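S.K.: need coordinates for the below:
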Amino acid sequence: MHYEYMEQERDIMHEPFERGQIQYLSVEFARRVRVIYLIAFQGNVADRSSLSQFYRAATSVGANIREGQYAESPRDFVHKHKIAEKELGEFFYWFGLLSSNKDLFECEAAEDILSRGTAIAKLLASIIKSTRKRHSLT
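M.R.: Numbers count the residues shown, from 1 in each chain. Next up is the predicted model:
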């Protein structure tokens with residue numbers, strides 16, 4: 001899967017940290033989830049509480065990854081990325097719950113955010129594992 005994170009126009013969300021794909025993916029993931037959230041929230045959605053939980057979990061993934069860039073130590077870096085991983089797990093839970101309502105998610109949009117979420121999950125697992133190994137953390 002290739003993402004053109006180096007070929008985009010100026011974007012303030014990406015500029016402070018040109019540290020790779022995880023930063024780009026988490027921002028674009030949150031942006032796509034936000035679009036789905038705004039469309040669904042304006043519609044006739046009975047379960048607005050679950051929709052809000054879905055949105056909060058998804059958008060906090062990137063926020064925690066960003067916090068990890070300011071970590072005070074390798075252990076703190078891993079901790080922030082573990083929180084992002086947990087929030088991503090919560091996103092998948094709410095997504096599964098809400099996706100049974102076919103009016104909320106058109107097939108292509110759902111596949112896109114699932115694909116991006118899965119890519120982020122793989123990168124997070126790799127980052128956490130390699131940081132732990134490099135710094136001898138348990």
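S.K.: okay, buried residues for stretch 119-127 please.
M.R.: Going by neighbour count (16 or more other Cβ atoms under 10 Å), the buried part of stretch 119-127 is 119-121, 123-124, 127. The way it works is simple: take the backbone N, C-alpha and C, and place the C-beta from them, glycine included.
S.K.: in helices, which of these appear?
M.R.: 119-121, 123-124, 127 (DSSP state H).
S.K.: ok so, going back, got JSON lines for the buried residues of stretch 119-127, with distance to Ile22 too?
M.R.: Formatted as JSON lines, those follow (distance: Cβ to Cβ, whole Å):
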{"residue": "Ala119", "distance to Ile22": "9"}
{"residue": "Ile120", "distance to Ile22": "7"}
{"residue": "Ala121", "distance to Ile22": "11"}
{"residue": "Leu123", "distance to Ile22": "5"}
{"residue": "Leu124", "distance to Ile22": "7"}
{"residue": "Ile127", "distance to Ile22": "7"}
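S.K.: and of those residues, the nearest to Ala30?
M.R.: Relative to Ala30, the closest of the buried residues of stretch 119-127 is Ile120; by Cβ to Cβ it sits at 10.2 Å.
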